[in-house]
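1. Got a predicted structure here, sequence first:
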Amino acid sequence: MPSLTLYDAVGEALGEEMRRNPGVLVFGEGVATKRHALVEEFGPLRVRNTPLSEGIIAGTAVGAAATGLRPVIDLLFAPFLCYAMDELVNSAGKLRYISGGQFAFPLVTLAMTGAGWGVGAQHNHNLEAWFVHSPGLKVVMPSNPADAKALLKTAIRDDNPVLFFLDIGLLYQPGEVPLGDQQLSLGLAAIAREGQDVTLVSYGKTVHHCLQAAHTLAEKGIAAEVIDLRSLKPLDEAAILASVTKTGRLIVVHEANRLCGVGAEIAALVAEYAFAALQAPIIRLGGPDAPVASSYPLEQAFVPQAETIAAAAQRLFSPHYA
Amino acid sequence: MPSLTLYDAVGEALGEEMRRNPGVLVFGEGVATKRHALVEEFGPLRVRNTPLSEGIIAGTAVGAAATGLRPVIDLLFAPFLCYAMDELVNSAGKLRYISGGQFAFPLVTLAMTGAGWGVGAQHNHNLEAWFVHSPGLKVVMPSNPADAKALLKTAIRDDNPVLFFLDIGLLYQPGEVPLGDQQLSLGLAAIAREGQDVTLVSYGKTVHHCLQAAHTLAEKGIAAEVIDLRSLKPLDEAAILASVTKTGRLIVVHEANRLCGVGAEIAALVAEYAFAALQAPIIRLGGPDAPVASSYPLEQAFVPQAETIAAAAQRLFSPHYA
Amino acid sequence: MATQPPQIDPRQLLEQMMLIRAYEEILIAGSVTGKIPGTCTSVGQEAAAVGVVNALTAADLILTNHRSAGHLLARGADPGRLLAEVMGRSDGYCKGKSGSLHISAKELGVVLTSTIVGAELSLAPGVALSQTMFGRPGIVVCFFGDGAACEGSFHESLNLAALWQLPILYVCENNQWQAFVHRREAMSREHVTDWAASYGIPARTVDGNDVVSVLAAAQAATAQVRESRRPCLLETWTYRSRGHFEPDDQSYVDSAEREAWLARDPIANCRDRLIADGRLDATEAAALVEKIASRIAVAQAFADASPFPAADELTRDVYA
Amino acid sequence: MATQPPQIDPRQLLEQMMLIRAYEEILIAGSVTGKIPGTCTSVGQEAAAVGVVNALTAADLILTNHRSAGHLLARGADPGRLLAEVMGRSDGYCKGKSGSLHISAKELGVVLTSTIVGAELSLAPGVALSQTMFGRPGIVVCFFGDGAACEGSFHESLNLAALWQLPILYVCENNQWQAFVHRREAMSREHVTDWAASYGIPARTVDGNDVVSVLAAAQAATAQVRESRRPCLLETWTYRSRGHFEPDDQSYVDSAEREAWLARDPIANCRDRLIADGRLDATEAAALVEKIASRIAVAQAFADASPFPAADELTRDVYA
Ligand SMILES: Cc1ncc(C[n+]2csc(CCOP(=O)(O)OP(=O)(O)O)c2C)c(N)n1
Ligand SMILES: Cc1ncc(C[n+]2csc(CCOP(=O)(O)OP(=O)(O)O)c2C)c(N)n1
Ligand SMILES: [Mg+2]
Ligand SMILES: [Mg+2]
């Protein structure tokens, strides 16, 4: 299997889907400059640079999607989504419903997110929970290049607006990516590691922190199951509930701010639908209620690390904990 | 005590705070037209109509707050906040931190939210969870005129940006409002009704639905405690945990979409910090993952009603439930 | 290359304006009794809607906003289905989910109505991009208000449309008001055309209360967009005769300004001129009133008979 | 009423530009070795920053963006504290929390730097409103790029500033690039002044690579803002000599355009002219280089010695 970075896996998915469907087009601030191979193959009308105007990039995608095109837009860093919230939330997410189902909005919005480059709070802010909260939108965040490629292909073929988050910390890490037209249903979690003692649920870069923690825990005799959500909406509720029903213990881990984050959603889900199976409190590990600092040590401290996860899991087995 | 609507209670709070501090000013689309008494008293420089441009209204408030003024802005309906997310989230919420504490942002953003007027999904969308999720912002949503007045006065004196949501369904309902300079700390929940069997946590109009449900439940011998959060960030975690520790049962109720909502946050909080006390699953009642329809019966069906709440509470006492 | 625009019988324009007025008058009456939810009416602005829409072909696509009854009816919308929509009934154009504020009707080419002021501007370039990429002949007409012109989306939309050469006719219905704010309190310049010209977009202001002038200007502008495949802007200078939303006491309105505009009512003007020109006689005028009244009665009966949406519509149409 | 602007020794302007260049050169070198995080430098644009900032008084307030080293240093920022900030150290102007992208320095009147392109424009009116409401004499200078001018906030900001008569000098540093997109791919018009004029805001383009011209234009513009208490706009026509961000191979850049601009380097131009005019001799020029090198060395030592923030800074400064 060829090895690709997540960034290049995205490029492959774009190329394959553009080849497959002439209605797919890509635009954004610099996308034609940076993905020059796509311009070469598909021409400047299907791969476009745009003015520095996130609102109109997103609005144009929504209008185009409603009338037959399948746009993919690159909005660069997640905080810049703040300039496109009306277009994404009030238009893309609601106009199908408001119109009584007359229109569909097949569009994908790419955005980079998370720690890794020391770029500070206005480039590094994990906003995926906002879009899970908002109706009519799907939300995807892969943890490796193979998933990124397959999920992006599915997202482009999906008739709904999809927010597709790329974890900055993973962007240039290579991984094996199968050749050919692989797809992955949205809403299907992966069991990244099996175990029966405690369930660690995560997505994006912290999946890897969970896997590291599971490794540490195994040495202490605790078998952790690691679930990589991959898609945050639809959410694979069945996989989460099945795992917790088996293990009786749950830790949810993500980099995004903890308050009203995806971790809260999962904890609430389990506290309602797998309560009887729970043998210990549900622990949430996530970013504090603070912006992210640029300074390297603070940026790192913001993200739940493997040691913290392992320590939390051990706490769940302490007889004094509850 | 005089009886005022929530709308007029807001007007009183504005007047009192403007009288108290010459740095307080109010602007927004039509605020000078609609709150004409304030213009009469404080003049057109401190009460201003603006162009139809939410972004610059919010941005201007942020810039003004950083340099000595204490603006209150009226952004009308919550979905219009989508046009001001950069200003509120990336600027107001983060620039204090990013600047290493050099600046403070004392500003209040008013927005109407929720069902009641059949205005559809682009006017009726409860977005408070977004701002709870975002660092640096405080979030308030009162359930009655007296609290609205006292909380708004506190919010205006607070040195942080506060999102202040006005529940449309409550806006013209009168309530007793004490005279004089009453204030209410942000982050202090009210026990709207005491009980020891089950805790109902809510805010805004659904507090009243919880109270109705508690009334029904009392007739069936179930004593429900109703907590009115009033402020969503800071959140009165102590009050919630104390109540659940006493009752062992929790239902969280709000109108906002359930996924990643404030209900998820509270359920997760309790599942982590009051787990030992829990005798039954935590139930969350909230809006579905759908926009709100304009059509009256659908608009009503979106909001958790008293019967649903009461039925859920009874389920918690069924021996077969878990 | 310029083809002569089709001749349109001005009596047809009058009839359309009268239909819009009559339709909105039942909305107003119903909002007083509480039978019909409040709406934003276009009373006084009918000429702007009718003049522009009659310059379009079936292949053209329309985006509109919260004040859309005129655009929809001029485009041939069924007043019964419109009213059902406003009343939240299942036979409305959007199954009652929109209500009055964001009615779209795909079958009429009225796509993507948003009540977020400025969103029509943000969506229009994408619709035009589809027309262009698929080589469709139609152009796009985007109706928006002077208020919408104050949103940042105005700037972004016009810049992109000019840059990407998108076939959009921007129609700004400048009705002097932005809800409860007069345009003078909101705009640094008198005319939206002042702004449009700065993008190199041909822009013109027309008397929005004279349907014949609007039609002629819209025919010229649509012809220019069709031929150049580039955007143009037309500002229809008109006045919102009633309040922002029904009911509204308009206590904040300058009465001299309002009186002057009321004296220029587009329907009375058009009718009087047709009569003066001998193109309409009293009998025909009365028959028109009659005809419209009976259409409206049928519409009302249709809407009244339409059921509210079933409970499972709460979560239907969210995802494709 | 117009008071004569103070005479400024052009050697002082040269020295400031050289300091900026030298400072950014250590950022560039450090980004190659990985010692210093990558930054957006203003190499080639020093004249625009220095010319404008030297036209200001201490009472004036500045908003800037991601490419701010020139503005900060011209305003008198300490290169050591700047460098510490870029390196994420606790002695930086923002305790290391900003990094290079959003450095503000209240003590210098550099307020509210946002790296969200367009946010500087959205924040400026509020700062000017404070100046006005408190009757402070200072004006506000808002630096932004040609890219920021494409954001909707540009439109909203200029409209409001014109309407509310806010004392803002908007300074658009048009450096031909918006990250990886040339301005021609992003703007429907050549000049940001084309847009500004449509708000009735006096606007002028100046050669941004000639510090003396920029200073003169900025003195005229600030004088106009001070007297009229209304906004003006100045576009400094210049070029981003290096890539968008360090490192950047600039493979996408038109080399002929770049070469032409490099030949007009603002520092070389200024120095050569001063020498030609006999206002600077070779010894003085060499001394200047020396002096700056030692300032930079001190700065580097200061930044290196500064500790990273303590762990509890993670959640400090979030709420007041
Ligand atoms: C983003 C946004 N802000 C505010 C409103 C509330 N609102 C609805 S219509 C309106 C006035 C719109 O003015 P204009 O664009 O001139 O259209 P008009 O109503 O005059 O036809 C306002 C402020 C809204 N719907 N959307
Ligand atoms: C809202 C937003 N979109 C995109 C970016 C990414 N970005 C940073 S600088 C930049 C280019 C800005 O161009 P311009 O305003 O001309 O300033 P310049 O960099 O040329 O000085 C871009 C696209 C951003 N920081 N903020
Ligand atoms: Mg208007
Ligand atoms: Mg630039």
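-> Great, that's in hand. Ligands and ions are numbered 1, 2, ... in the order given.

2. Tell me which residue of the stretch 51-200 of chain C lies closest to chain D.
-> C:G152 (1.7 Å; C-beta to the nearest C-beta). Where C-beta positions appear, they are placed from N, C-alpha and C, glycine not excepted.

3. Next up, the contacts around the spatially closest residue to that residue that is not a sequence neighbour.
-> Spatial nearest neighbour of C:G152, chain neighbours left out: D:G152 (1.7 Å); criterion: C-beta to C-beta, 6 or more residues apart in numbering or on different chains. Taking C-beta atoms under 8 Å, 6 or more residues apart in numbering or on different chains, we find D:G152 in contact with A:53, A:55-56, A:83, B:55, C:151-156, D:118.

4. contacts with ligand 3 among these, please.
-> Among these, no residue is within reach of ligand 3 (C-beta under 5 Å from the ion).

5. from the residues you listed, which is closest to A:S294?
-> A:S294 lies nearest to D:G118 out of the contacts of D:G152, by C-beta to C-beta, at 20.3 Å.

6. Surely the closest one and D:F154 touch.
-> Yes. Contact criterion C-beta atoms under 8 Å: D:G118 and D:F154 qualify, at 6.8 Å.

7. Find residues that contact each of these two.
-> With C-beta under 8 Å, 6+ apart as the test, D:G118 and D:F154 both reach D:144, D:148.

8. neighbour-wise, which of the two wins?
-> Comparing D:G118 with D:F154 by other C-beta atoms under 10 Å in any protein chain shown, the one with more neighbours is D:G118, at 31 against 27.

9. which residues touch the residue in chain A that ligand 4 sits nearest to?
-> Residue of chain A nearest ligand 4, by C-beta to the ion: A:L52 (8.6 Å). A:L52 sits next to A:29, D:117-118, D:147-148, D:150-151, D:178-179, D:181, D:186 when contact means C-beta under 8 Å, 6+ apart.

10. for chain B, what are the nearby residues on chain C?
-> C:37, C:88-89, C:95-102, C:114-118, C:147-148, C:150-152, C:178-181, C:185-187, C:252, C:308-309, C:311, C:313-315, C:318 (C-beta under 8 Å from any C-beta of the partner chain).

11. Could you pull out the strands in the stretch 151-300 of chain A for me?
-> Ranges of strands in the stretch 151-300 of chain A, per DSSP state E, counting those that start in this stretch, are A:162-167, A:174-176, A:190-193, A:198-202, A:224-228, A:231-233, A:250-257, A:283-287.

12. ok, now chain C?
-> C:61-63, C:140-145, C:168-174, C:177-178, C:181-182, C:203-207, C:232-237 (DSSP state E).

13. Around ligand 4, pick out the residues from chain C.
-> Residues of chain C lying near ligand 4 (C-beta under 5 Å from the ion): none found.

14. In chain C, what residue lies closest to ligand 4?
-> Counting by C-beta to the ion, chain C gets nearest ligand 4 through C:N159, at 15.1 Å.

15. Contacts only, for that residue.
-> Applying C-beta under 8 Å, 6+ apart to C:N159 gives the contacts A:51, A:53, A:56, C:199, D:150, D:187-188.

16. got the domain boundaries for chain A?
-> Using automatic domain parsing, the domain parsing of chain A gives A:3-176, A:190-321.

17. near chain C at all, the shortest one?
-> So the one you mean is domain A:190-321. No. Applying C-beta under 8 Å from any C-beta, one finds domain A:190-321 separated from chain C by no less than 8.8 Å.

18. Distance across that domain, terminal residue to terminal residue?
-> 29 Å (C-alpha to C-alpha, to the nearest Å).

19. count of neighbours near the nearest residue to A:A239 once chain neighbours are set aside?
-> In space, A:A239 comes closest to A:A189 once its chain neighbours are excluded; the distance is 4.3 Å by C-beta to C-beta, 6+ apart. When counting by other C-beta under 10 Å, one arrives at 20 neighbours for A:A189.

20. so A:A189 sits right up against A:I240, yeah?
-> Yes. At 7.1 Å, A:A189 counts as touching A:I240 under the criterion of C-beta under 8 Å.

21. Return every residue with contacts to both of the two.
-> A:I227.

22. could I get the contacts of C:N159 as a markdown table with neighbour count and pLDDT?
-> Formatted as a markdown table, those follow (neighbours: other C-beta atoms under 10 Å in any protein chain shown; pLDDT from 0 to 100):
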| residue | neighbour count | pLDDT |
| --- | --- | --- |
| A:P51 | 26 | 98 |
| A:S53 | 32 | 98 |
| A:I56 | 33 | 98 |
| C:Y199 | 23 | 97 |
| D:C150 | 31 | 98 |
| D:M187 | 25 | 97 |
| D:S188 | 22 | 95 |
